[in-house]
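S.K.: Here you go, sequence then predicted model.
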Amino acid sequence: MSQTASQAIVEPAGAPPIPVRDRPAPPMPGSALWGWIGPLIVTVFGGFLRFDRLGTPNAVVFDETFYAKDAYSLITHGVERQFVGNADKLMLQGSTGLFKACGDVAQCATYAAHPPLGKWMIGLGEWLFGLTPFGWRFAAAATGTASLLILARLARRLTRSTLLGCLAGFLLALDGLHLVLSRAALLDVFLTFWVLAAFACLVVDRDAGRARLADWYRTSSTSGEGPRLGARPWRLAAGLCLGAAVSTKWTGLFFVVAFAVMALVWDAGARMALGLRRPRVEAARLDAPLAVGWLGVVPFAVYVASFAGWFATAGGWGRNWGQATSHGWAFFVFDSLRSLARYQGQVLGFHEGLSTHHPYQSDPWQWPLLLRPVAFFYQSPKGVCGASDCSWAILGTGTPLIWYAGLVALVALIAWYVATRDWRAGAVLAAYGAGWLPWFYFALADHRTMYLFYALPMVPFMILAIVLCCGLVLGRAGATPARRAAGASVVGAFALLALANFWWLLPVLTAVPVPYDQWFGRMLFRSWI
């Protein structure tokens, strides 16, 4: 925290001083205009990578076979319905006659293992651009691109550096796993977007709450009970985003719990920093009720609302439409919610029993090392790459230099937090842990089938760890020119190496046909094959 910022608070006579690290955040550095222009430039760069040749390959890639069709069913019928056996082939031929014919719409209902919001988002692209590979991948590309801007702005707020904010967006743009999932109609990029947006909203709420406490502290004549902090709209926005995350995949629940605890800890810490007599008690009394509403009730309401199509139609799985509409609106609501709860119980049972072996499955302790990525697509066309044997592939893996640097940065962040209790390090570690640690239970207790791309929500926080460490390498603003130049050289070299590593992998991330030996040479481990 800068010295100028710490002098901006006038403390009441006799009041305990506010520790520097707990004072309100200093103003953003430099030009506010460049604070937007820089991140937007990075976003355009990453957006080009995500939209270029988005319709290639003209194929149904990996789990697009589920989500592209379910999304089309949602925008057509409001619920997921059964498809004919050759629906994938029909889609690629431009046909929309994909649904089974049923005398009773309830007989055509199909079981869906994930909530509908991510599929609604995929369906929006299909509605805009048709049932084509570009159409069903459009929303993922747009969402992945938007996440670059959010991360760049978030990192800028955390570091008070436009340069470091742009570096964060740049590194996410260069991550192979994020790129691949931004170019495929799967749910994970939507989950990642909503989790990242929720975290960003909570950081803004933290700044706003502490600024309000500082204003009260400046004018108050007592150091006793602190004030309420108002409606906290940014915390409400975080709750809406968390609800959207859970409405995309149930694993968003991990972040609901982690972020709610983190927000309450921040509230107590802010009041403790002012020297209030009972900061934890006052935080529990003044802040916790609204936090429960915004970060507990609101996500639940968003989740239920995401099933609006299921509520409004008769053809959804487990939908007892006839009974629900037979006794008025009050009974309709009660019976519909009861049917939805029964449906969610079936989904829980499905996920608990999901242990079928898959050749590309991996365990969570393998993810940070990129030991077993997923081959989303592979063909061996002849004569399209200037060689007799060609490989045409999409490999769902991260950029190795970024991921291994992320491992080092996360270990450094643990040491940093233990030594300084810097809230930024703690928040990034908590968010990364929420996306990673729960999977150990499912691996060890349930032997659940899992894949590397489940780690995507961890990636923005891994990059934040890298960027925070890059801030340490750069040095303080008041450091000697030689020290700053040395730090800038190291950080700049790392960014260039990350770009080179990404560019080397790019053909096998985006289905560019290459000679077989070039494809094979890009397989970092034999386990990548």
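M.R.: Good, I have the coordinates.

S.K.: Can you give me the neighbour number for L40?
M.R.: Using other CB atoms under 10 Å, L40 is surrounded by 17 other residues. Every C-beta, even on glycine, is put in place using the N, C-alpha and C of the backbone.

S.K.: what does the helix or strand where it lies contact?
M.R.: L40 belongs to helix 32-51 when assigned by DSSP states H and E. By CB atoms under 8 Å, 6 or more residues apart in numbering, the list of residues contacting helix 32-51 from outside reads 28, 141, 144-146, 148-149, 152-153, 156, 162-163, 165-166, 169-170, 172-173, 179, 182-183.

S.K.: check contacts around L240.
M.R.: L240 makes contacts with 298-299, 302, as judged by CB under 8 Å, 6+ apart.

S.K.: Nearest to P373 among these?
M.R.: The closest of these to P373 turns out to be P299 (CB to CB; 31.2 Å).

S.K.: hang on, the earlier thing: which of the contacts of L240 ranks first by neighbour count?
M.R.: P299 (27 neighbours).

S.K.: hang on, that one packs against G243?
M.R.: Yes: using CB atoms under 8 Å, P299 is in contact with G243, at 3.7 Å.

S.K.: how about the helix holding L40: buried residues?
M.R.: For helix 32-51, burial by neighbour count (16 or more other CB atoms under 10 Å) applies to 35, 38-40, 42-43, 46-47, 49-51.

S.K.: Which secondary structure state does W392 sit in?
M.R.: strand (DSSP: H, G, I helix; E, B strand; the rest coil).

S.K.: same question, A112
M.R.: A112 - assigned by three-state DSSP - is coil.

S.K.: Please tell me how far it sits from L98.
M.R.: 16 Å (CB to CB, to the nearest Å).

S.K.: Let me have the contacts of L240 in TSV, extended by secondary structure, distance to H327 and pLDDT.
M.R.: Shown next, in TSV, are the contacts of L240 (DSSP: H, G, I helix; E, B strand; the rest coil; distance: CB to CB, whole Å; pLDDT from 0 to 100):
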residue	secondary structure	distance to H327	pLDDT
V298	helix	30	98
P299	helix	30	98
V302	helix	28	98
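
S.K.: Please enumerate residues in contact with stretch 198-212?
M.R.: So stretch 198-212 is contacted by 22-25, 150, 153-154, 157-158, 227, 229-230, 232, 234-235, 237-239, 241-242, 245, 255, 259, 262-263, 266-267, 270, 427, 431, 461 (CB under 8 Å, 6+ apart).

S.K.: Which ones among the residues you listed lie within helices?
M.R.: Among these, DSSP state H puts 150, 153-154, 157-158, 234-235, 237-239, 241-242, 245, 255, 259, 262-263, 266-267, 270, 427, 431, 461 in helices.

S.K.: so where's the chain shaky on pLDDT?
M.R.: 1-30, 103, 221-224, 331, 351-353 (pLDDT under 70).

S.K.: Go again with 50.
M.R.: Low-confidence segments of the chain, defined by pLDDT under 50: 1-23.

S.K.: Quick one: the strands in it, in order.
M.R.: 374-379, 390-396, 514-515 (DSSP state E).

S.K.: And for T356, the neighbour number?
M.R.: Counted with other CB under 10 Å, residues neighbouring T356 total 8.

S.K.: wait, what's in contact with it?
M.R.: If you count contacts by CB under 8 Å, 6+ apart, T356 has them with T449.

S.K.: heads up, I number from 53, so please use that
M.R.: I'll keep to 53 as the first residue from here, and by that count the last item is T408.

S.K.: how about the most centrally placed residue in the chain, what does it touch?
M.R.: By CA atoms, centre = their mean, the mean C-alpha position of the chain lies nearest to T244, the distance being 1.6 Å. T244 is in contact with 199, 230, 233, 508-509, 511-512, counting by CB under 8 Å, 6+ apart.

S.K.: quick one: which of those residues is nearest E178?
M.R.: Distances from E178 to the contacts of T244, taken by CB to CB, are shortest for L233, at 17.9 Å.

S.K.: shouldn't the closest one be in contact with D240?
M.R.: Yes: L233 is in contact with D240 according to CB under 8 Å; the separation is 5.2 Å.

S.K.: shared neighbours, those two?
M.R.: Jointly contacting L233 and D240 under the rule CB under 8 Å, 6+ apart are 505, 508.

S.K.: can you pull the buried residues of the helix of greatest length in the chain?
M.R.: The helix spanning the most residues in the chain, taking DSSP H as the definition, is helix 240-271. Under the neighbour-count criterion of 16+ other CB under 10 Å, helix 240-271 has 240-258, 260-262, 264-266, 269 buried.

S.K.: Next: stretch 434-452.
M.R.: 437, 442-452.

S.K.: hang on, the earlier thing: which among the contacts of stretch 250-264 count as buried?
M.R.: Among the contacts of stretch 250-264, those scoring as buried are 74-77, 202, 205-206, 209-210, 281, 284, 286-287, 289-291, 293-294, 297, 307, 311, 314-315, 318-319, 322, 479, 483, 513 (criterion: 16+ other CB under 10 Å).

S.K.: hmm, back to that, closest one to D156 among the strands of the chain?
M.R.: strand 426-431 (36.9 Å).
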